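> show me how the following folds:
(one chain, ligands or ions: 1)
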Amino acid sequence: MTPARHLPDGFLWGASTAAHQIEGNNTNSDWWLFEHTENPYIKEPSGDACDSYHRWPEDMDLLAELGFTDYRFSIEWARIEPAPGEFSQAAIAHYRRMVEGAHERGLRPLVTLHHFTAPRWFMERGGWASAGSDELFARYLTAAAPVYATDVTYACTINEPNMLTSMATLQKAHLAGSQIPTFGPTVPDGATTEALLRAHGRAVETVKSIAPHVRCGWSIANQVYQPLPGAEDVAAAVRYPREDVFLEAARGDDWLGVQSYTRTRVGHDGPLPAPPEVEHTLMGWEYYPRALGEALRHSAAVAPGVPLIVTENGIATADDTRRIHYTADALDSLADAMDDGVDVRGYFHWSALDNYEWGRYTPTFGLIAVDRETFARTPKASAAWLGATGRTRTLPLAPRSKQTT
Ligand code: BGC
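Predicted coordinates for the structure are as follows:
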């Protein structure tokens, strides 16, 4: 039996969402356009999603009632700046109400400023890799200042730049009419990587020039690359452009977001798909909860001294008991890392709601189920189990689950 583990004072305890995945009808975004073009990734468009653009008070009520003390959500550039240089005061006021609404319910907001989606016009002018993208990002953040200038302690500049840079490669292949690999070592787009590194720097500068108290960081998808014997050099070469270059860029930041779901084994020819004999989640990923502890240790090693916040961790499953098992083991690995001196300041579960998983609704990551017709929210057992920690400040335990080694 694992002993009870108490959370340090101030530890953030929340759930995460992203605007495009829950708001619905994000029609002015590049993803909406992508969802309505012929391509192998899209099984269904996002449509109304969870209608959280209107139902966010209900989402926040539920999270607070469940015991969470923090909520990570994103603001949508495509709504705030529908045309270049034209800003919607109504959209800015909307997100400001969310910040205030969170506090009214006892939730501290962690605000993500960019979570995968951008305005169509930004994509049409060449996206991140085109000249001046960092300037445009900074201009949007200046206009959006009323959202975060007060009552926001943590801002995430860009969610998973390492996924964005791989998506840029796929997008280019799609536009060029080439075959898109469904699994494989997608080569990050170098120009996009450079641009994202610049954009992060500019974003930190911009936010801090407006609101010096805001603690800025970004969130990196941690793949927990594990080399097979003899493939250590291959793993290092795979890891650097896909992960470490972004972790290194966090060295001067106030905090670093760790996002972990599974591990990736690396053979002599590069990353390997999860073998058929292991348990797979609804994403096809290996069930490997202790990835979280490994992700935290790796992030701490590459960005020493930077406080870490788990900004995403969770599992796509239709079996909520399995979600509890997964999360309990993940949290156990987090606690082990903290016992070994890794400086972790918070945990946000992905996701608050069953939401749009970038092309389809079937991989359900939510603590709260959402009826696709009526949008009725129903918290799952895992939501009450995980939320209660907000009150007890003691990590929850579950029956030890089967662990692949
Ligand atoms: C992203 C989320 C996504 C989740 C599960 C992360 O890559 O930030 O938007 O839904 O993982 O795939």
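
> for the helix or strand in which Y95 is found, packing partners?
Assessed by DSSP states H and E, Y95 sits inside helix 89-104. Packed against helix 89-104 by the contact rule (3 or more C-beta pairs under 8 Å, 6 or more residues apart in numbering; DSSP states H and E) you find helix 52-66, helix 77-80, strand 108-112, helix 145-148. C-betas here are computed from N, CA, C, even on glycine.

> report the buried residues of it.
A91, I92, H94, Y95, R96, M98, V99, G101, A102 (16 or more other C-beta atoms under 10 Å).

> and whatever helix or strand L141 lives in, how far from the chain's centre?
Following DSSP H and E, one finds L141 within helix 133-143. On the basis of C-alpha atoms, centre = their mean, to the nearest Å, helix 133-143 sits 21 Å off its chain's mean C-alpha point.

> ok and it relative to helix 89-104, angle-wise?
70 degrees (axes from the mean of the first three to the mean of the last three C-alpha atoms, to 10 degrees).

> and the ligand, which of the buried residues of helix 89-104 reach it?
When C-beta under 6 Å from any ligand atom is applied, no member of the buried residues of helix 89-104 is adjacent to the ligand.

> so for the helix or strand that W385 is a member of, what's the average pLDDT?
Element membership for W385 (DSSP H and E) is helix 381-387. The average of the pLDDT scores along helix 381-387 is 97.

> and the next element down the chain from it?
Next along the chain from helix 381-387, counting by DSSP H and E, comes helix 389-392.

> tell me the contacts of T157?
L113, H114, A199, H200, A203, V204, V207, C216, G217, W218 (C-beta atoms under 8 Å, 6 or more residues apart in numbering).

> and the residue nearest to the second one when sequence neighbours are not counted, helix, strand or coil?
The shortest distance from H114 to any residue other than its chain neighbours is 4.8 Å, reached at I158 (C-beta to C-beta, 6 or more residues apart in numbering). Assigned state for I158: strand (three-state reduction, DSSP: H, G, I helix; E, B strand; the rest coil).

> swap in the one 5 residues further on?
Here M163 takes the helix state, with states given by three-state DSSP.

> repeat that for G230.
coil.

> now do the phi/psi pair for the residue nearest to it when sequence neighbours are not counted.
Leaving aside its sequence neighbours, G230 sits nearest to H268 (C-beta to C-beta, 6+ apart; 6.9 Å). Main-chain torsions, H268, degrees, to the nearest 10: phi -70, psi -20.

> offset the numbering so it begins at 8, please.
Okay, using 8 as the starting number, the last item reads as H275.

> count the residues that sit near H275.
Residues lying near H275 (other C-beta atoms under 10 Å) number 11.

> tell me the spacing between it and the ligand.
27 Å (C-beta to the nearest ligand atom, to the nearest Å).

> touching, that residue and V241? I think so.
Yes. Using C-beta atoms under 8 Å, H275 is in contact with V241, at 6.1 Å.

> just to revisit the earlier point, contacting residues around the residue nearest to H121?
L120, H121, L171, L203, A206, H207, A210, W225, S226 are the contacts of I165 under C-beta under 8 Å, 6+ apart.

> can you read off the pLDDT for the third one?
Reading off the per-residue confidence, L171 sits at a pLDDT of 95.

> next one: the first one
At L120 the predicted local distance difference test score is 99.

> do the last one as well
pLDDT, the model's per-residue confidence, is 98 for S226.

> partner residues bridging it?
N166, G264 (DSSP bridges).

> neighbours around it, how many?
29.

> what do you get for the fourth one?
As a burial measure, L203 scores 30 neighbours (other C-beta under 10 Å).

> now swap in A90 and tell me
A90 is flanked by 11 other residues according to other C-beta under 10 Å.

> near the closest residue to it other than its chain neighbours, how many other residues are there?
Excluding its sequence neighbours, the residue lying closest to A90 (C-beta to C-beta, 6+ apart) is W128, at 6.3 Å. Counted with other C-beta under 10 Å, the neighbours of W128 add up to 17.

> and if you look at the one 4 residues further on?
Residues lying near R132 (other C-beta under 10 Å) number 14.

> do A281 as well
What A281 shows, counting by other C-beta under 10 Å, is a neighbour count of 21.

> find the nearest non-adjacent residue to it, please.
In this structure, A281 finds its nearest non-sequential neighbour in E293, 3.9 Å apart by C-beta to C-beta, 6+ apart.

> which residues does the one you found contact?
Contacts of E293 (C-beta under 8 Å, 6+ apart): T269, R270, A281, P282, V285, E286, H287, T411.

> and it, bridged to which residues?
Judged by DSSP bridges, the bridge partners of E293 are H287.

> list the contacts of A395.
L73, G74, P403.

> do you know the pLDDT at the second one?
So that's G74. 98.

> same check on T189?
pLDDT, T189: 50.

> now swap in the one 10 residues further on and tell me
The predicted local distance difference test score for T199 is 96.

> neighbours of it, how many?
Neighbours around T199, by other C-beta under 10 Å: 24.

> hmm, L14 is touching T396, no?
Yes. Counting by C-beta under 8 Å, T396 is a contact partner of L14 at 7.3 Å.

> common neighbours of those two, please.
Common neighbours of L14 and T396 (C-beta under 8 Å, 6+ apart) are W20, L402.

> adding distance to G133, write the buried residues of helix 96-111 out as JSON lines.
Output for the buried residues of helix 96-111, formatted as JSON lines (distance: C-beta to C-beta, whole Å):
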{"residue": "A98", "distance to G133": "24"}
{"residue": "I99", "distance to G133": "26"}
{"residue": "H101", "distance to G133": "28"}
{"residue": "Y102", "distance to G133": "27"}
{"residue": "R103", "distance to G133": "31"}
{"residue": "M105", "distance to G133": "31"}
{"residue": "V106", "distance to G133": "32"}
{"residue": "G108", "distance to G133": "36"}
{"residue": "A109", "distance to G133": "35"}
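
> so what's the gap between whichever helix or strand R79 is part of and the chain middle?
Per DSSP H and E: R79 is located in strand 77-81. Centroid separation for strand 77-81 versus its chain: 10 Å, with C-alpha atoms, centre = their mean.

> what helices or strands is that strand leaning on?
Short answer (3+ C-beta pairs under 8 Å, 6+ apart): strand 77-81 packs on strand 19-23, helix 59-73, strand 115-119, strand 161-166, strand 351-357.
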